[in-house]
Structure formats: structure tokens, C-alpha cells
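Asks: could you work out the structure for the sequence below:
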Amino acid sequence: MLGERIRKLRKQKKMTLEALAGEALTKGMLSLIENNKANPSMESLTYIAQQLGVEVTDLLEEVSSQELRGVLEKAEKIFNQDSEEVNDKYTQLIALIEPYAGSLANGYESARLLDIYSRSLYIKKKDGWHKLLDKAAQMYDQMNLTSRRSSLGIFRSKVKFIAHDYAESLDIHLSERCKIEATHAYIDPMTRLSLDYHEAALYFAVGDTESATRVMNDAITFSKENRIFYLIDDLYRLAAGYAMMSKDIVKKAYYTQKLKQYEEFADDINSKWFCELIHIDSLISDEHEYAKAIEWIDQVLLNEEKPVDYQPYFLLERGRALYGLGQFSEALHYLSQIRIPSILHHPFDLSIFYIADSYMALCHLEQKDVKAATHFAEIAVKNFDPLPDTSYKDFSQATYERIKMAKPAEA
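Replies: Sure thing, here's the model as predicted:
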């Protein structure tokens, strides 16, 4: 109610009835207005708004833009913190925004709060987030906020990507991009690169390497020509990852060198550990220098800035190197410790870890335990089945066929 909003703002400003009434209103009349027993004229309402330092529309709206700005400021602070720093931040965000959800009608604050609220509802597996996300998207379109609108499109696509429905994820991304480009006359460079990167990654995910390579290379060229380094490291990692999957030694070396240059330029820790990982993979896969690979892994893990997020990758590489050295029990010890990080969903990342089961199968085969070898070989083939064809998938299938051949003779 109008009177309640006036009283709330007055108390927030620490103003008395006399101070707010000033010379234009009596204390009694203002009290009647605050208690909804009298309706102020437009002239009186304008005066009250001036006294409170707000717009008349703030008094007429159910929730003032000033109040929404305050809520959004709190929401952004929680939303942008790491989950480790905030206990159950999405539950906090839902509790903060929910009382205002029905009043979010227009303006940037409303759109952004609906944006954050819908994402939080999705993460907490609550119903209703789709419609709220659609509403936020429409509001961003109306305000021509291309970057925010594109972020929602990418998020909608990621929902299917996380569910490993890569084809549907790509369809949604292409559809969203088409809508954005039809509605927004100008796509800023960073938004274009963000759309390109996710499009390339999704094309790779469905096995359309021709389209993926085209979009990826166009994005890299665009970045270079415009001297925009936003997402350039992600694009190089994507390119290097594809080179690993396809066993293209030349391109793997080329993009690794590009990443090293970026890491030196930007002092980027993720690029540093990724380059280390590719180097170790090359020692194992291309040069068969297994002992040297283990020495390199030990050096990496002794670094004061230990690559916690990359730890499972280095466990895998150590297991592969030990297998190459014929130390099968030791290899199984490290391979059995691997847990695929829950944040990984791209077939490239999953393939790297799924291959661990094939190596475990080979270790058991060398130890004459054909039953265990068959078990792990079958797990690898089953995991790889829905993923696009890569050298890693071929390796898992070849391992399975080898163990099937060995089974009758050794069972």
C-alpha cells in the first residue's frame, strides 16, 4: 500500500513525521496518508517524494527501484562468490529474491534478479525456473542488453549439456543465437566470442569436427585481428584438446606453444597446468618416455602452487606411465584413485578419464586376471558408447577386443 511505502521510506531515512511534512503538509494529514486513511493529491505526492529523495514512481510502485537496487546489490555479492566461500549460496539467493519475485515487472534490476533467481531455482532443482528465465530474456531483449541476453541463451543450452544431451544442447544454442542476432542489431565482440566458443565446443561434442574447427578458427582469427584476448586461452585449450583426441602431433605442439605464450603474457595458472599436462601426455603417447614423464609429474606436484583441480589428470598420467614401464600393480594403485570431477561434462574431458578403465583392464590382463580385465574393458566401452569417435574411443574398443581374444585361452 502507498501509505506503508511512504512510512517505510521515512523510517529508512530516519525522518520524523514533522520533518517529512515540512511546510506543505500537516503532521496529521501525513499520518492519515501513511495509515492509508487519506489519498494524497499528485501535488502532495510529488512533494513527499522530493522530501524523501526518491521518484514519484518509487512511491507508486509496489517495490521501489531503490529497494530493488539494494536487493540486487546483495544478490550479486552472494552470486559472484565461490560456493566454497558461501554456505549453500543458492538457497540464500532464493530466500533473498523470492519475496520480490511477483513484483519484478520491468527495468534492469528486475531482469537481473529474475536471471539470478531462475538460475538458483534450477541448481536447487525447484520448479518454475523456465518461465522466469524466459521473462528475464524478454526484458533483456527490450532493453537491448545483448551480453546479458546471450548469457541466458548459453545457460539454457548448458542445462542440456550438463545432462550430456549434446545434440539438444547444440540445437538450443543455435536457436538462441539466431534469436539474439535477429533481435539485437549489434553484437559486441566479447559476446560474439562467447557465442563462438560455446558453439565450437558443442560441435566437437556431437562429433561435427568440420563445423567445430571452422567456428573455432574464425573465433581465433577474429580475436587476433581485433586484439581481443577474451577467451583466447579457452579457444587454444579447445584446439589443443582436439589435437590430443585426434592424435595430431603437429597441431598439439602448435597450440601448446600458443598457450605457453598466453600464460607468460597473462600469468594464467590454468594455461600453465594445461601445458604441463599436454607435455606429459606427449612424453607418454608420442615419445614413450615413461620414466621421464613420471619425473616431470613429480616436479609438477612439488610446486608450491599445487594444481588441485588438475590432480586427477596427473594421477591418470602417472598410471599410464607406470603401465608403460610394466609396473602394473603400481599403475592400478594410481588409476583406482581417480575420481572424475563433477564439473566436467565435455566428451573431450570425459574421454581422458574414461580411458583409465581401459588401462586398468590392460594391467589386469598383464596380471592374468582376465575376469577383472573384462570387467574394466566393458565399463570403458559402455562409457565411450554415447561419445563421438576419437582415438581414445578407438583405444578402448581395441582394448576390449584384445581382452575378448585372450579370454578363451586364459579363462
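Asks: which secondary structure element is home to the nearest residue to residue 183 once chain neighbours are set aside?
Replies: Closest residue to residue 183 apart from its sequence neighbours, by CB to CB, 6 or more residues apart in numbering: residue 141 at 5.2 Å. To be clear about C-beta, it is placed using only N, CA and C from the backbone, and glycine gets the same treatment. Following DSSP states H and E, one finds residue 141 within helix 129-142.
Asks: pull the residues that contact that helix.
Replies: Contact partners of helix 129-142, identified using CB atoms under 8 Å, 6 or more residues apart in numbering, comprise 101, 104, 106-107, 110-112, 114-115, 117-119, 121-122, 146, 148-149, 152-153, 155-156, 183-184.
Asks: list only those of these flagged as buried.
Replies: 101, 104, 110-112, 114-115, 117-119, 121-122, 146, 148-149, 152-153, 155-156, 184 (16 or more other CB atoms under 10 Å).
Asks: and these, which of them are in helices?
Replies: Residues of those located in helices (DSSP state H): 110-112, 114-115, 117-119, 121-122, 146, 148-149, 152-153, 155-156.
Asks: show me the shaky parts of the stretch 101-250 of the chain.
Replies: Along the stretch 101-250 of the chain, no part satisfies pLDDT under 70.
Asks: rerun at 90
Replies: Within the stretch 101-250 of the chain, the segments meeting pLDDT under 90 span 101-107, 229.
Asks: how many neighbouring residues does the residue nearest to residue 294 when sequence neighbours are not counted have?
Replies: Spatially, and ignoring its direct neighbours in sequence, residue 294 is nearest to residue 321 (5.0 Å; CB to CB, 6+ apart). When counting by other CB atoms under 10 Å, one arrives at 26 neighbours for residue 321.
Asks: ok now do residue 321, which residues does it touch?
Replies: 280, 283, 284, 290, 291, 293, 294, 297.
Asks: contact partners for the last one?
Replies: When contacts are counted by CB under 8 Å, 6+ apart, residue 297 is found next to 280, 314, 317, 318, 321.
Asks: can you rerun that using 10 Å?
Replies: By CB atoms under 10 Å, 6 or more residues apart in numbering, the residues touching residue 297 are 276, 277, 280, 283, 313, 314, 315, 317, 318, 321, 334.
Asks: one more: the second one?
Replies: With CB under 10 Å, 6+ apart as the criterion, the residues that contact residue 283 are 289, 290, 291, 292, 293, 294, 295, 296, 297, 317, 321, 324.
Asks: try 8 Å
Replies: With contact set as CB under 8 Å, 6+ apart, residue 283 has these partners: 289, 290, 292, 293, 296, 321.
Asks: which of those lies closest to residue 8?
Replies: Set against residue 8, the nearest of the contacts of residue 283 by CB to CB is residue 296 (64.0 Å).
Asks: the closest one - how many residues pack around it?
Replies: As a burial measure, residue 296 scores 19 neighbours (other CB under 10 Å).
Asks: that one: helix or strand, and which one exactly?
Replies: Element membership for residue 296, per DSSP H and E: helix 290-301.
Asks: now what about stretch 167-178, what contacts it?
Replies: Applying CB under 8 Å, 6+ apart, the set of residues contacting stretch 167-178 from outside is 150, 152-154, 156-161, 195, 198-199, 202-203, 205-206.
Asks: how close does residue 37 sit to residue 288?
Replies: 89 Å (CB to CB, to the nearest Å).
Asks: actually residue 34, not the one I wrote
Replies: Residue 34 sits 83 Å away from residue 288, going by CB to CB.
Asks: which one's more surrounded, these two?
Replies: Between residue 34 and residue 288, counted using other CB under 10 Å, the more crowded position is residue 34 (21 against 11).
Asks: contacting residues around the more buried one?
Replies: Counting by CB under 8 Å, 6+ apart, residue 34 touches 3, 4, 6, 7, 10, 17.
Asks: distance to residue 248 for those - can I get that in JSON lines?
Replies: Output for these, formatted as JSON lines (distance: CB to CB, whole Å):
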{"residue": "3", "distance to residue 248": "72"}
{"residue": "4", "distance to residue 248": "68"}
{"residue": "6", "distance to residue 248": "69"}
{"residue": "7", "distance to residue 248": "70"}
{"residue": "10", "distance to residue 248": "70"}
{"residue": "17", "distance to residue 248": "77"}
